[in-house]
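Asks: predicted structure and sequence below. I'll ask about it afterward.
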Amino acid sequence: MPRALLLSLLPALLAAYLACRAEGDASKPTPFVRRIIAVGDLHGDIGNAQKVLRMAQVIDANGDWSGDVDFFVQTGDIIDRGDDTIKLYALMDKLREQAPAKGGQVLSHLGNHEWMNAIDVSSSYVYGTEIATFGGVEERQKTITTGWIGKAWAANYTTASRLPLHPSLGPPNTDYPPPSSSSSSAPLSHAAISFVHGGLAPSYPALTPFPSHINALSRSLLAKLQARRPFPPPHPPHPYPGLPADATPAEERLYGTDGPLWYRGWALDSEEAVCKAVDDVLRRTGTRRMVMGHTPDFDRIVSRCNGKILIIDTGISHAYGGVLSALSIVYSLTPVDAGPDSSLKTWVEKEVVTALYMDRQEVLAEDMRTVVGNIV
Ligand SMILES: *[C@@H]1O[C@H](CO)[C@@H](O)[C@H](O)[C@H]1NC(C)=O
């Protein structure tokens, strides 16, 4: 072939080669990826909350939902110990509203402080300056019962969440075990994370079905608290009103020391004790990890038992002066090309759990598995 002809063909040959390669890449299996960011106790500090959400790429430079994450989870205790209660709940509402347009979702939780305020207003943890932002004690009580914050708690906040990692397992708060037990042993059945404020104690009787049992108790107790007239006056000087007289034993247990709002065992018990107990709770709730706030470590997000227990309260509010942090969980499921003869599909499933700080990141757990089965 004359050299000139070869040279004139070269661009076409190159284009054909590149097209071929592109096609090869396109037929390569693409992974499913889900990005979850969880943030712990915020306690009345909008400035630090925004810094954390920006750092974790939940919000953009304008403070709007960025679209870079799929789920933003907040584990409760937004209220008290700072003056920005109103601004924080408004921010949560805004992000909840904006997220779906970019394929995202916000999961909000009631912490023990939301519940304490639903019960009454105590001067021991509610600042006078914060009360003033509502326009006084009565206005505050109205806002968090029949007003917009109280309505948001009832409609858009839960006490527990179960977040499946893959869409084939259903939307957030799909119960485990499922009503028909057929899929409870499917390859991905426990590919989910639980979120509560305090912790899911092994002794707590309303663990299953998870999370609907806890959330039904939470809804009914909150409704009873919000329906009281008149609202109990602040204590002190008035006596602590406690739960309503018509609260059931199960509702009282929800708010008890081994209930999901107050439990501290996963944070405080010995390594040996928690790692011995954790698998049973994960098995019963259909989850692989549990995430909680409530018991702060001011230096870091605490990972125990190889990331099965993740405690994310780092005292973000200036009231505590802890480190600014967020937990990132990136889940991916990648089909492996097993050839045309293979009837069963093989997948590589991966979870990377990372603690995010303003100046560094720390990988807390990195799990990879091979999964065989039909996942749609
Ligand atoms: C709950 O969230 C949805 C979605 O953002 C919103 O439209 C609705 O107004 C919220 N409900 C309350 C009572 O805040």
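Replies: Received, thanks. Here the structure is a predicted model, which means the values were calculated and not measured.
Asks: pLDDT weak spots in the stretch 251-376 of the chain?
Replies: Within the stretch 251-376 of the chain, the ranges that satisfy pLDDT under 70 run 338-343.
Asks: do the same with the stretch 1-150 of the chain
Replies: Low-confidence segments of the stretch 1-150 of the chain (pLDDT under 70): 1-29.
Asks: what ranges do the helices span in it?
Replies: 3-27, 46-55, 85-98, 112-119, 128-134, 137-145, 148-156 (DSSP state H, counting those that start in this stretch).
Asks: the inter-axis angle of the last one versus helix 112-119?
Replies: Helix 148-156 and helix 112-119 meet at an angle of 120 degrees, taking axes from the mean of the first three to the mean of the last three CA atoms, to 10 degrees as the criterion.
Asks: how about residues contacting helix 148-156?
Replies: Helix 148-156 is contacted from outside by 85-86, 89, 92-93, 96, 108, 110, 114, 118, 143-144, 219, 222-223, 226, using CB atoms under 8 Å, 6 or more residues apart in numbering. In this view, the C-beta of every residue, glycine as well, is placed from N, C-alpha and C.
Asks: repeat that for the fourth one.
Replies: Taking contacts as CB under 8 Å, 6+ apart, the residues outside helix 112-119 that touch it are 43, 76-80, 122, 125-126, 144-145, 150, 153, 157, 197-198, 222, 225-226, 232, 241-243, 255, 261-262, 294.
Asks: picking that back up, which one of the contacts of helix 148-156 is nearest Val281?
Replies: Using CB to CB, Leu110 is the member of the contacts of helix 148-156 that lies nearest Val281, at 20.3 Å.
Asks: pull out the CA atoms of stretch 204-222 and give them to me as CSV.
Replies: This file holds the C-alpha atoms of stretch 204-222, laid out as CSV (Å, rounded to 0.1, in the frame of the first residue of the first chain):
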residue,chain,number,x,y,z
TYR,A,204,-35.7,-3.4,74.2
PRO,A,205,-39.0,-5.3,73.4
ALA,A,206,-40.2,-3.4,70.4
LEU,A,207,-37.3,-4.0,68.0
THR,A,208,-39.3,-5.9,65.4
PRO,A,209,-40.8,-5.5,63.0
PHE,A,210,-38.2,-2.8,62.5
PRO,A,211,-38.7,0.1,62.3
SER,A,212,-42.5,0.3,62.2
HIS,A,213,-43.0,-1.0,65.7
ILE,A,214,-40.9,1.7,67.3
ASN,A,215,-42.3,4.4,65.0
ALA,A,216,-45.9,3.5,65.7
LEU,A,217,-45.2,3.9,69.4
SER,A,218,-43.4,7.1,68.7
ARG,A,219,-46.4,8.5,66.6
SER,A,220,-49.0,7.7,69.2
LEU,A,221,-47.0,9.0,72.2
LEU,A,222,-46.2,12.3,70.3
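Asks: before I go, just wanted to say thanks for your time.
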